[in-house]
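Colleague: next one to model:
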Amino acid sequence: MDSGTATAPQHGLPVDDERPTLGSATRRAVRKAGGWTGIAVAAAPTVAFVAANAFGGLVWAFLALAVSAPVAFGVRLARRESLREALIGLVVAAVCALVAAFTGEARAFFLVPTLLPAGWTLAFLGSVLIGSPLTGLALNRLSGGPRGWRQHAPLRRVYTVSSLVAAGICFVNFTLGGVLYLADQLAAMAAMDVAVMPVPFVLAAFTVAAARRAIRRSAGPDR
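Modeller: As a prediction, the model looks like this:
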């Protein structure tokens, strides 16, 4: 995350202390994810893999992925998206393809994305238990919070709640993904992967807005 003050614009996240609506947070989240075009480009390798597998089997799926993943990488760079995020997308596609090739099953392409939310669930819950919620570590500087935010009760409460919400979202993602994986529902797994792309940004938008509101209130009426 980039650092910033409580009033500086930061990559489409809310910059004021007002409570965002679900619609406004979602719009900001979509912009942060590159807009609907950016989401479509990021999802293209997965969609190409699933569509080619339905059309001609696993070999065709690998060929479609081999073409679509580099093209998506190039388009993201041409759109001036983050090089790091574009590289991560390319590496994730490669890892998923290797898992599918190793197992010989098309559904194994989704094995890593299905299991990762379980790890994130444990990470978010563990961070709350040790008093250092992950959303605070990731978003406090962006929110303009003090370095000692762990001793700032209202601010720590915001990060604790948002980390618990994140844990719940990850758990639901893991559970639903597991059900679809066991049922071998490739199209549904691809649709779910696309649908959840803006979710982390929506949660970040609400967390930043709530954190800034907590900071403003604790500063008193003269701030």
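
Colleague: CA atoms for contacts and neighbours, from now on please.
Modeller: Fine.

Colleague: by mean pLDDT, point me to the weakest helix or strand of this structure.
Modeller: Across the helices and strands of the chain, mean confidence by mean pLDDT, DSSP states H and E is lowest for helix 22-32: a mean of 65.

Colleague: from the middle of its chain, how far away would the helix or strand that it is followed by be?
Modeller: Using DSSP states H and E, the helix or strand that directly follows helix 22-32 along the chain is helix 35-56. Taking C-alpha atoms, centre = their mean, to the nearest Å, one finds the center of helix 35-56 at 17 Å from the center of the full chain.

Colleague: which residues sit against helix 35-56?
Modeller: 30, 33, 58-62, 64-65, 68-69, 72, 75-76, 89, 93, 106, 186-187, 190, 193-194, 197 (C-alpha atoms under 8 Å, 6 or more residues apart in numbering).

Colleague: so which bits of it are buried?
Modeller: For helix 35-56, a neighbour-count test (16 or more other C-alpha atoms under 10 Å) marks 38-39, 41-53 as buried.

Colleague: quick one on the thing from earlier: whichever of the contacts of helix 35-56 end up buried, select them in PyMOL.
Modeller: Listed next is the PyMOL selection for buried residues among the contacts of helix 35-56, using 16+ other C-alpha under 10 Å:
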select buried, resi 30+33+58+60+61+62+64+65+68+69+72+75+76+89+93+106+186+187+190+193+194+197
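
Colleague: among the contacts of helix 35-56, name the ones in helices.
Modeller: 30, 58-62, 64-65, 68-69, 72, 75-76, 89, 93, 186-187, 190, 193-194 (DSSP state H).

Colleague: using PDB, list the CA coordinates for the host helix or strand of residue 127.
Modeller: Secondary structure assigned from DSSP H and E places residue 127 in helix 111-129. Output of helix 111-129 as PDB, limited to C-alpha atoms (Å, rounded to 0.1, in the frame of the first residue of the first chain):
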ATOM      1  CA  LEU A 111      -6.800 -25.600  -6.600                       C
ATOM      2  CA  VAL A 112      -4.400 -22.800  -5.400                       C
ATOM      3  CA  PRO A 113      -7.100 -20.100  -5.600                       C
ATOM      4  CA  THR A 114      -9.400 -22.400  -3.700                       C
ATOM      5  CA  LEU A 115      -6.900 -23.100  -0.900                       C
ATOM      6  CA  LEU A 116      -5.400 -19.600  -0.500                       C
ATOM      7  CA  PRO A 117      -8.500 -18.100   1.300                       C
ATOM      8  CA  ALA A 118      -8.100 -20.700   4.000                       C
ATOM      9  CA  GLY A 119      -4.600 -19.400   4.700                       C
ATOM     10  CA  TRP A 120      -5.800 -15.800   4.700                       C
ATOM     11  CA  THR A 121      -8.700 -16.700   7.100                       C
ATOM     12  CA  LEU A 122      -6.100 -18.000   9.600                       C
ATOM     13  CA  ALA A 123      -3.800 -15.100   9.000                       C
ATOM     14  CA  PHE A 124      -6.600 -12.500   9.700                       C
ATOM     15  CA  LEU A 125      -7.800 -14.300  12.800                       C
ATOM     16  CA  GLY A 126      -4.300 -14.800  14.100                       C
ATOM     17  CA  SER A 127      -3.500 -11.200  13.600                       C
ATOM     18  CA  VAL A 128      -6.500 -10.200  15.700                       C
ATOM     19  CA  LEU A 129      -5.700 -12.700  18.400                       C
END
